[in-house]
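> Mind folding the following:
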Amino acid sequence: MVQNELTKAEQVQQEPLHPLMKVPDVAQILRIVPKTVNKLVREGKLGCVQISSRESRFTEEQVQAYIDSQRVAPKIDKKGALPVKSQPPKGGEKSFGVSKADLRKEMSRWV
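Model (predicted):
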């Protein structure tokens with residue numbers, strides 16, 4: 001029984017502990033500012049190890065889980081492309097809804 005306990009203790013000593021990362025380290029990995037890292041923790045989007053009321057640390061698994069949760073599949077347009085509408089001809093007979101002749105008649109009444 002003592003040997004079993006020793007082997008368990010030896011196994012724990014042999015397993016390397018992963019270092020915990022600080023907020024600036026995570027911010028550098030995610031290429032965001034440290035303030036945003038703290039915001040993600042408050043919103044519950046990024047897991048952390050709470051050291052004290054002001055200190056948070058992060059494992060590699062927590063950061064990787066956040067990265068995986070933010071992946072988005074590429075958007076594919078399922079509808080066909082809309083045809084391009086050409087502009088109406090400029091200065092056409094009914095470009096303003098009124099013909100030039102009607103405008104001339106109206107202007108001749110002004111004088």
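
> Run through who's touching whatever helix or strand residue 66 lives in.
Here residue 66, judged by DSSP states H and E, is contained in helix 60-69. Contact with helix 60-69 is made by 18, 21, 26, 29, 30, 40, 45, 46, 47, 48, 49, as judged by C-beta atoms under 8 Å, 6 or more residues apart in numbering. For every residue, glycine as well, the C-beta is placed using N, CA and C.

> Any idea which residue is closest to the centre of the protein?
In the chain, the residue lying closest to the centroid (C-alpha atoms, centre = their mean) is residue 70, at 7.2 Å.

> For residue 41, see how far away that one is.
15 Å (C-beta to C-beta, to the nearest Å).

> Do a quick rundown of the strands in the protein.
Using DSSP state E, the strands of the chain run over 49-50, 56-57.

> Now do the same for residue 52: its pLDDT.
Looking at residue 52, its pLDDT reads 91.
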